Each structure stands twice: as structure tokens, then as C-alpha cells.
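**Student:** Give me a model of this one.
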Amino acid sequence: MKTTIDIHDELLARAKRHARRRGRSLRSVVEEGLRDVLAGGASPEPYRLPDLSIGDPTDADPLEAFSWQDLSEIIHEHPEDGEA
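**Tutor:** Just a heads-up that it's a prediction; the model follows:
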């Protein structure tokens, strides 16, 4: 069946390059993509960042005693040994 669809220029160019590199027609690439989407294969589980926290979350925040100004000065101070 023939149909007309409007595809963003860059996406169409990428699809054509993909098809050409694999020796396939644009039609077969588009059909494969539609099959994947309709089968649910194109929507993997969203990536979740691993929890790399350190320390005990119930401990007091060690930075809480400092003001924003204090923290800014600590972050931006230069080491005494001459390194920048």
C-alpha cells in the first residue's frame, strides 16, 4: 500500500544512509522500524542511574555548618603550595 508521510529531513537522510550501508531499501528499514515500535521493542526500560552514594544517609550533613559564602571560599581557595 502506498502512503505519504512527512519525515524530518535529517531523520530521513539518516535512514537513507543506514539503508544504503546495509544494502537495503529505505522501505525495508522503515517497515522494520514500524514493526519494532508496534511490537514494543523500540521502547526499552528507561536507564536508571546506579546509587553510588557514600556514607550513612541518616548521618548529619557535614556541610550544614557552613554558609554559602564559607563554602564558596573553600571551593575557590588556592592551595598554599603554589598549585592553581
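**Student:** Now name the helix or strand holding the residue nearest to Leu63 when sequence neighbours are not counted.
**Tutor:** Using CB to CB, 6 or more residues apart in numbering and skipping residues adjacent in sequence, the residue nearest Leu63 is Leu71, 6.6 Å away. Backbone N, C-alpha and C define where each C-beta goes, glycine included. Per DSSP states H and E: Leu71 is located in helix 68-76.
**Student:** Now the particular helix or strand that has Glu31 in it: average pLDDT?
**Tutor:** Glu31 belongs to helix 26-39 when assigned by DSSP H and E. The predicted model assigns helix 26-39 a mean pLDDT of 92.
**Student:** re earlier: go ahead and confirm the residue nearest to Leu63 touches Pro62.
**Tutor:** No: taking CB atoms under 8 Å as the definition, Leu71 is not a contact partner of Pro62, at 11.3 Å.
**Student:** Settle it for me: which of those two has more neighbours?
**Tutor:** Leu71 (11 against 8; other CB atoms under 10 Å).
**Student:** If I look at the more buried one, what pLDDT would I see?
**Tutor:** If you check Leu71, the pLDDT there is 90.
**Student:** With the one 3 residues further on instead?
**Tutor:** The confidence metric pLDDT takes the value 88 at Ile74.
**Student:** Could you count how many residues lie near the closest residue to His18 other than its chain neighbours?
**Tutor:** Nearest residue to His18, sequence neighbours excluded (CB to CB, 6+ apart): Val29, at 5.9 Å. Using other CB under 10 Å, Val29 has 17 neighbouring residues.
**Student:** Lovely, talk soon.
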